[in-house]
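K.L.:
Dropping the sequence and predicted coords here.
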Amino acid sequence: MRSHKPYAAQTAPLRPLLAKEVREIVSGRSLWTLLLLLCPLIGYSFFEAVSLYSESSSAALQSPVLANSLSPFDGVLVPTFGSFYVAATLLFPFVAIRVLGQEKETGALRLLVQLPYRSSTLVVTKLVAVVIAWIFAGIPAMSALAVWRGMGGHLALGETSNLLFGHLLYGTLVGALALFAASIAESAATAAIIALAVTIGSWVLDFTLAGQPGLLAWIAKLSLTQTLRPFEQGLLSSGLVLGIVSVISGLVALASVWLPPGVPYGRKLRRSVPFILAVAAVLAAATQVGWSIDVTEDRRNSFATPDQQLLATLKLPLVVTVRLAPEDPRYADLQRNVLSKLERAMPNVSVSLAGGRRYPTGSGEESYGETEYIYGRRSDISRSTSPREILPLIYGLAGVSQPSPRPGSEYPGYPLVASASATFLWFFAALPLLIAFCWWWSRRPSRLDRYLMHEGGSS
Amino acid sequence: MPAIGSDFARCTHLAESRTDKRDGPLLRVRGLTKRYGGELAIDSVAFSAFPGEILGVIGPNGAGKTTLMEAVVGLVAADLGEVLWREEPLPASRRRDVLFYLADGVRPYQDQVTAEVISFFAGVYRRSPAEIATILISVGLKPVLQKRVHTLSKGYNRRLMLALGLLTPHDLILMDEPFDGLDLTQTRDIAGVLRRHAERGRTFVLAIHQLADAARICDRFVLLAGGQVRGLGTLDELRAEASLPCGSIEDIFLALT
């Protein structure tokens, strides 16, 4: 029955380990409680979003010109998944911490670390189980998509998939953070405090510091909330994805370092340093990666296709100097409507705030509010924040003629007048009952375990 | 206590017949020292375990038994000393390859069904259904396989832990207080299981604070008090060392510590 060779020389299967981790999550109450809480939360958000969208659609039916501003992505999907994000930020750490914290508290970790797996394998397997739990937790939100489709609503594959991908990355990030917290904390309660301090702390950071000038704006960008924003705007940014993946990898590596008992703290600290430096280096590199895709159906992050194609051919550097305070709403408009699109469309664009951000809001200086555009040896100044005025200005500087608009390429909009009252029944009764049934079902022993009970008992 | 007396005789006989010292020790611990702050938990502890024997590390609560066990398997970083496996140095990172430790007070995966925990370990070590069934029968887990771990009595939790240990392929298993909380019948049952596995060549190192329990099952003893080894050997060797030719393990322990 026993092998006289060390077991580590053989390859231990991953399947039982992953099955155990998934069972550990499913057998606890936290995931099911989260699911039951998400049902009314997402249901109410969905109801509100559909009601507002329906009201706007009614107006659009009277005035068709309003219809092309009606996007289900902004009107329904983002608000519905917004409540999923709130619940995930506040509650999901408890589900993720359980995967490791419970083992620490019951002493089972001392068994686990003796099994023939590397620490990194143990942590990665736990993270995979956490991601599976996240996908489970997404069931109410996914059901909202199905209900929306059932109501006759429109879903665009690209922007919907991108939003789901963003939430998956965010969930994985929160899960990795929770695992790291559990690996350094002695108890699940302490780990929860650490994880929530980061998630809620960064949330508060985003609320209080966003739009502030200088260093505060930079600090606000460290918020975890910022990771979801581009996905909610319909952008798939390679730099952001690289940054999130590097932080997740770093947290997994740190959790692997801190997991094994019996290693002095000093050694764990020394082993952590290279990982922290590596993540910092990758994050710094990620900020320089500007490549991104506009996945929205209405191309809101891009100019019209003929403009995009023409701007891509302008190879000389375009230098933009903005004389606005960073917190001035006009700067936000200019950034959203023009500058960010230019940066994506043209190969060489540099944007700077004039005077080293010295302008206070509403500065009385005559030049305040001006934006200077320099292309080659020519320059021009504008106070506009609209691409309708600025694109011709740039074409003039480049000496090219403005492209003619392509007919039929405008976003049609998807107005829908529908009542969401019936969805209450789904989110407040049917889905919770279904989840409760699945909870009961999950507590039945698996086929292998029933076999064990039979075989183990036959004496 | 006729049963215990007969166990003594059987154990002494087995100690002589089963413990194979010809190939040298399977495990050798040399000068193991662990300090918590200014306090020495274990101080230059040295002992060996031979193939097929049941070695008892005995001592009162606070003697350093748990620290010693955890330092041996590498769950606690020792300050000094070394562990050798078949006379080769065994670094802490490789100890889990050959040693498996069942800690005291562990109630693993409380919300899972007992059979699920068993199937996890069986899956990790690729045990066949027949092997699983043999172990389950030998430790007597049948009545609780479908119970959740948190509902198990202390005795059945011990049996579960023992089953997990026996599912591993390791030649040497260390167990901390394997009989704590068990009644006499349960202790004898578990001792019988350990003895049968020792007869098949598996080696056990048991940390026990109940001297009578240790006397029932162990082939040799390490007497630990105040973190130091105060005696080492079979019962007869310890009797000779303590100059108590007819002394019980309690008498010997009191005489040597």
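P.N.:
Done, it's in.
K.L.:
Quick check: mean pLDDT of whichever strand or helix holds A:Leu38?
P.N.:
Using DSSP states H and E, A:Leu38 maps to helix A:30-62. Across helix A:30-62, pLDDT averages out at 92.
K.L.:
what packs against that helix?
P.N.:
helix A:78-106, helix A:119-137, helix A:139-150, helix A:423-425, helix A:431-442 (3 or more Cβ pairs under 8 Å, 6 or more residues apart in numbering or on different chains; DSSP states H and E). Where you see a C-beta, it was placed from the backbone N, CA and C, and this is true even at glycine.
K.L.:
Which elements pack onto the next helix or strand after the longest one?
P.N.:
Pointing back at helix A:78-106 there. Next in sequence after helix A:78-106, counting helices and strands by DSSP H and E, comes helix A:108-112. Judged by 3+ Cβ pairs under 8 Å, 6+ apart, the packing partners of helix A:108-112 are helix A:78-106.
K.L.:
close to chain B, is the helix it packs on?
P.N.:
Yes - Helix A:78-106 comes into contact with chain B (Cβ under 8 Å from any Cβ of the partner chain), by way of A:Gln102, A:Glu103, A:Thr106.
K.L.:
Any chance of JSON lines for the residues you listed, columns pLDDT and neighbour count?
P.N.:
Shown next, in JSON lines, are the residues of helix A:78-106 next to chain B (pLDDT from 0 to 100; neighbours: other Cβ atoms under 10 Å in any protein chain shown):
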{"residue": "A:Gln102", "pLDDT": "89", "neighbour count": "22"}
{"residue": "A:Glu103", "pLDDT": "92", "neighbour count": "25"}
{"residue": "A:Thr106", "pLDDT": "90", "neighbour count": "19"}
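K.L.:
Show me which of those residues is closest to chain B.
P.N.:
For the residues of helix A:78-106 next to chain B, the residue nearest chain B by Cβ to the nearest Cβ is A:Thr106; the value is 5.3 Å.
K.L.:
residues in contact with the closest one?
P.N.:
The neighbours of A:Thr106, taking Cβ atoms under 8 Å, 6 or more residues apart in numbering or on different chains as the test, are B:Val106, B:Arg107, B:Pro108, B:Tyr109, B:Gln110.
K.L.:
and with 10 Å instead?
P.N.:
B:Gly105, B:Val106, B:Arg107, B:Pro108, B:Tyr109, B:Gln110, B:Asp111, B:Val149, B:His150 (Cβ atoms under 10 Å, 6 or more residues apart in numbering or on different chains).
K.L.:
Report the secondary structure state of the second one.
P.N.:
Under the three-state scheme (DSSP: H, G, I helix; E, B strand; the rest coil), B:Val106 adopts coil.
K.L.:
coming back round to it: what's the ChimeraX syntax to select whichever of the contacts of A:Thr106 are buried?
P.N.:
Applying 16 or more other Cβ atoms under 10 Å in any protein chain shown to the contacts of A:Thr106 leaves a buried subset, and the ChimeraX line that selects it is:
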select /B:106,107,108,109,110,111,149
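K.L.:
Keep only the contacts of A:Thr106 that also lie close to chain A.
P.N.:
B:Gly105, B:Val106, B:Arg107, B:Pro108, B:Tyr109, B:Gln110, B:Asp111, B:Val149, B:His150 (Cβ under 10 Å from any Cβ of the partner chain).
K.L.:
biggest separation within these, which pair?
P.N.:
B:Gly105 and B:Asp111 (17.7 Å; Cβ to Cβ).
K.L.:
ok, back up a step: give me whichever of the helices and strands packed on helix A:30-62 is most buried.
P.N.:
helix A:78-106 (a mean of 23; mean count of other Cβ atoms under 10 Å in any protein chain shown).
K.L.:
The helix holding A:Leu38 to helix A:139-150, inter-axis angle?
P.N.:
Between helix A:30-62 and helix A:139-150, the angle formed by their directions is 30 degrees, by axes from the mean of the first three to the mean of the last three Cα atoms, to 10 degrees.
K.L.:
Rebuild the residues of helix A:78-106 next to chain B as TSV, extending it with distance to A:Leu112.
P.N.:
Below are the residues of helix A:78-106 next to chain B laid out as TSV (distance: Cβ to Cβ, whole Å):
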residue	distance to A:Leu112
A:Gln102	11
A:Glu103	6
A:Thr106	11
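K.L.:
Nearest to A:Leu431 among these?
P.N.:
Among these, and counting by Cβ to Cβ, the member closest to A:Leu431 is A:Gln102, at 27.2 Å.
K.L.:
and the contacts of A:Thr106 as a markdown table, adding pLDDT?
P.N.:
Shown next, in a markdown table, are those (pLDDT from 0 to 100):
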| residue | pLDDT |
| --- | --- |
| B:Gly105 | 88 |
| B:Val106 | 92 |
| B:Arg107 | 92 |
| B:Pro108 | 92 |
| B:Tyr109 | 91 |
| B:Gln110 | 90 |
| B:Asp111 | 89 |
| B:Val149 | 93 |
| B:His150 | 93 |
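K.L.:
pull the CA atoms of stretch B:105-121 into PDB?
P.N.:
The C-alpha coordinates for stretch B:105-121 follow below in PDB (Å, rounded to 0.1, in the frame of the first residue of the first chain):
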ATOM      1  CA  GLY B 105      -6.900  19.700  18.000                       C
ATOM      2  CA  VAL B 106      -7.400  19.700  14.200                       C
ATOM      3  CA  ARG B 107     -10.900  19.300  13.000                       C
ATOM      4  CA  PRO B 108     -10.400  19.500   9.200                       C
ATOM      5  CA  TYR B 109     -13.000  20.900   6.800                       C
ATOM      6  CA  GLN B 110     -15.800  21.100   9.400                       C
ATOM      7  CA  ASP B 111     -18.600  21.800   7.000                       C
ATOM      8  CA  GLN B 112     -17.800  18.900   4.700                       C
ATOM      9  CA  VAL B 113     -19.100  15.400   5.000                       C
ATOM     10  CA  THR B 114     -16.500  12.900   6.500                       C
ATOM     11  CA  ALA B 115     -16.600  10.900   3.300                       C
ATOM     12  CA  GLU B 116     -15.700  14.000   1.300                       C
ATOM     13  CA  VAL B 117     -12.600  14.600   3.500                       C
ATOM     14  CA  ILE B 118     -11.600  11.000   3.100                       C
ATOM     15  CA  SER B 119     -12.100  11.100  -0.700                       C
ATOM     16  CA  PHE B 120      -9.900  14.300  -0.900                       C
ATOM     17  CA  PHE B 121      -6.900  12.600   0.800                       C
END
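K.L.:
so which residue of chain B comes closest to chain A?
P.N.:
B:Gly123 (2.9 Å).
K.L.:
contacting residues for the closest residue to that residue other than its chain neighbours?
P.N.:
For B:Gly123, ignoring the flanking residues on the chain, the nearest one in space by Cβ to Cβ, 6 or more residues apart in numbering or on different chains is A:Pro16 at 2.9 Å. Counting by Cβ under 10 Å, 6+ apart, A:Pro16 makes contact with A:Leu115, A:Leu448, B:Ser119, B:Phe120, B:Phe121, B:Ala122, B:Gly123, B:Val124, B:Tyr125, B:Arg126.
K.L.:
Next, work out how far apart A:Pro16 and A:Thr125 are.
P.N.:
10 Å (Cβ to Cβ, to the nearest Å).
K.L.:
for A:Arg388, same thing?
P.N.:
A:Arg388 is 54 Å from A:Thr125, by Cβ to Cβ.
K.L.:
how far away is the residue in the stretch 1-150 of chain A positioned nearest to chain B from A:Asp206?
P.N.:
Closest contact between the stretch 1-150 of chain A and chain B, by Cβ to the nearest Cβ, is at A:Pro16 (2.9 Å). To A:Asp206, A:Pro16 is 41 Å away according to Cβ to Cβ.
K.L.:
again with A:Arg330
P.N.:
Distance from A:Arg330 to A:Asp206, by Cβ to Cβ: 22 Å.
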